[in-house]
Structure formats: C-alpha cells, structure tokens
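**Q** fold the stuff below for me.
(chains A and B)
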2 protein chains.
Amino acid sequence: MGGSSPCASCKLLRSRCAKDCIFAPYFPSDDPHKFAIVHKVFGASNVNKMLQELAVEMRADAVSSLVYEANARVRDPVYGCVGNISYLQNKISELQMQLALAHTEMLCVQMQQESVLAMPMPIHQDDSYIIFFFFYLKE
Amino acid sequence: MGGSSPCASCKLLRSRCAKDCIFAPYFPSDDPHKFAIVHKVFGASNVNKMLQELAVEMRADAVSSLVYEANARVRDPVYGCVGNISYLQNKISELQMQLALAHTEMLCVQMQQESVLAMPMPIHQDDSYIIFFFFYLKE
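**A** Model (predicted):
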C-alpha cells in the first residue's frame, strides 16, 4: 500500500510497494503465507500477468482460487487440486449409484404394493367369526 | 532428448536439451502446446522445481495434473480448477438431497404398505355373496 507498510508480496520480493501495486489489495502484510504459497506454485510474475489480464472486480476471486490451488499443490505435490476433483468425481459416481439403487428399490416396493392391492382379498379371520356367529344366532 | 531433437520445453525456452533433461520424458517435441500452457500458468522454473522434489515414478502423474490445472486456468482465468471443484460440490449437494428425498419417499411407501397390511381387511364383495349363498342354501 505504498511507503512504510509494504504489502506481503513487495515484502517478500523486496521491492518498493507502489500506490497502485497490483498485489497490495489481496496480499496484506499481516498474512505473508498467502503470497508466499502463491509465489511458490505460480511465481509472482505469472500471478501479476494473470491479474493484469482480469477486470479489477474479478481479481479478488482469482486470487482466492489461486491461493486454494497453491495450497492444494503444497498439500499434495503430485495431484494438487486434481486430487480433489478426482475424489469429488468418485463421490458423485457413488451417489449416482446409490440413487439408482434407491429408485429401483422404490419401484420394487411400489410394484409389490400394487400387486397386494390388486389381489382378491381373503376374508379376515375375525370377520368370518362374526359372520358365522351371526348365522349361528339366526338359526 | 538431447542433440538434434530438443523436447518441447527446451524448444520453447531455446535451451540445449541435455540427455538428463527433466522435461524431456513428459513434454515431447510433437506436442508443443502441452509445455506452453504449463509454462504460461506455472512458469518453467517452478515446474522444474516441483518435478525435482518428486520421485521419478511420480513425475508423469504430476505433469498430467499440472497440465489439467493449467488448461482449466486458461479456460477460466478467474476460477480455474476451483470452478470445477465448485461445480462438483454443488452436484454432490444436489445428489445428496435427491437421495434423502428418495429415502423419505421409500419410508412413506413402506409405512403406507405396512398400514394397509395391518388393517382388518374388508370382506371382498364376491366372497360375501358366496358366504351368504352358502347360509341361504343351508337354511
């Protein structure tokens, strides 16, 4: 942010933090790790270029997604974010299978219910006792 | 791979492709776009460092995930891969809701079925005729 309090990026890169520093709004000096991790994975020069190519109102979201990706890459140097994507895709396949199973079960229960309702119903045991008792008395 | 046929990385960086070039096994000269996109997003120097830190047998997977991430970032400069993650997370929430709904519906149908089966069943109209006819003949 210029002068005596350089942003985290300018502090790390040991450069003068100009008034119009492109990093300053997103990398405050009190959170040095945020810039350090993005710099480690993407490089300050690339991040600078990426931000330059975006409208100002989109830059905060872009920085958030870059920080997310960089953290994922540091946590998992082989798969990074793509490991999360793979996990989520597997989770979706699993849920889709569970949903298909639930629909099949529902169809079975409904068909079972329909066949029970369509069946000629046997007289309930208690009702037949009443009927026989009625005729017994009548006689 | 050294000498007359430099890998895509060394071609782009205009450097001599040494026999032990770290990029050569993953960035063949006939696919220049693959390295170009990774270089644009992560920078050759960072990719070099990331590969150096990994065991040789993990490097192919790491390159694949870096290429995937870089492509996602070029397609969507604001959200990159994180856009995919966000989409997949929403899809999971949607499927979890559908699954919860399917389970609730199943429970309702089962309860309905149980209450129908537990109900004293009314005598089937045709059966009652038979019973009355039986007693009529008996009298």
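**Q** could you point out which element follows whichever strand or helix holds residue A:62?
**A** If you go by DSSP states H and E, residue A:62 is part of helix A:56-75. Using DSSP H and E, the next helix or strand after helix A:56-75 towards the C-terminus is helix A:80-118.
**Q** model confidence over that next one, on average?
**A** Average pLDDT, helix A:80-118: 91.
**Q** on that earlier part again, tell me which other helices or strands the helix holding residue A:62 touches.
**A** helix A:32-41, helix A:44-52, helix A:80-118, helix B:80-118 (3 or more Cβ pairs under 8 Å, 6 or more residues apart in numbering or on different chains; DSSP states H and E). Just so you know, the C-beta spots here come from the backbone N, C-alpha and C atoms, and that holds for glycine as well.
**Q** burial-wise, tell me which of the ones you listed comes out on top.
**A** Of these, the one with the most neighbours on average (mean count of other Cβ atoms under 10 Å in any protein chain shown) is helix A:32-41, at a mean of 19.
**Q** can I get the CA coordinates of it in CSV?
**A** Extracted as CSV, the C-alpha positions of helix A:32-41 are listed here (Å, rounded to 0.1, in the frame of the first residue of the first chain):
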residue,chain,number,x,y,z
PRO,A,32,2.7,-13.3,4.5
HIS,A,33,1.9,-17.0,3.9
LYS,A,34,-0.9,-16.2,1.5
PHE,A,35,1.5,-14.6,-1.0
ALA,A,36,4.4,-16.9,-0.3
ILE,A,37,2.4,-20.0,-1.3
VAL,A,38,1.0,-18.5,-4.5
HIS,A,39,4.6,-17.3,-5.4
LYS,A,40,6.0,-20.8,-4.7
VAL,A,41,3.5,-22.5,-7.0
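**Q** quick one on the thing from earlier: so can I have a markdown table of the helices and strands packed on helix A:56-75 showing distance to residue B:45?
**A** Converted to a markdown table, those look like this (distance: least, Cβ to Cβ, whole Å):
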| stretch | distance to residue B:45 |
| --- | --- |
| helix A:32-41 | 11 |
| helix A:44-52 | 10 |
| helix A:80-118 | 17 |
| helix B:80-118 | 20 |
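**Q** wait, which of the ones you listed is closest to residue B:11?
**A** Closest to residue B:11 of those, according to Cβ to Cβ: helix A:44-52, at 20.1 Å.
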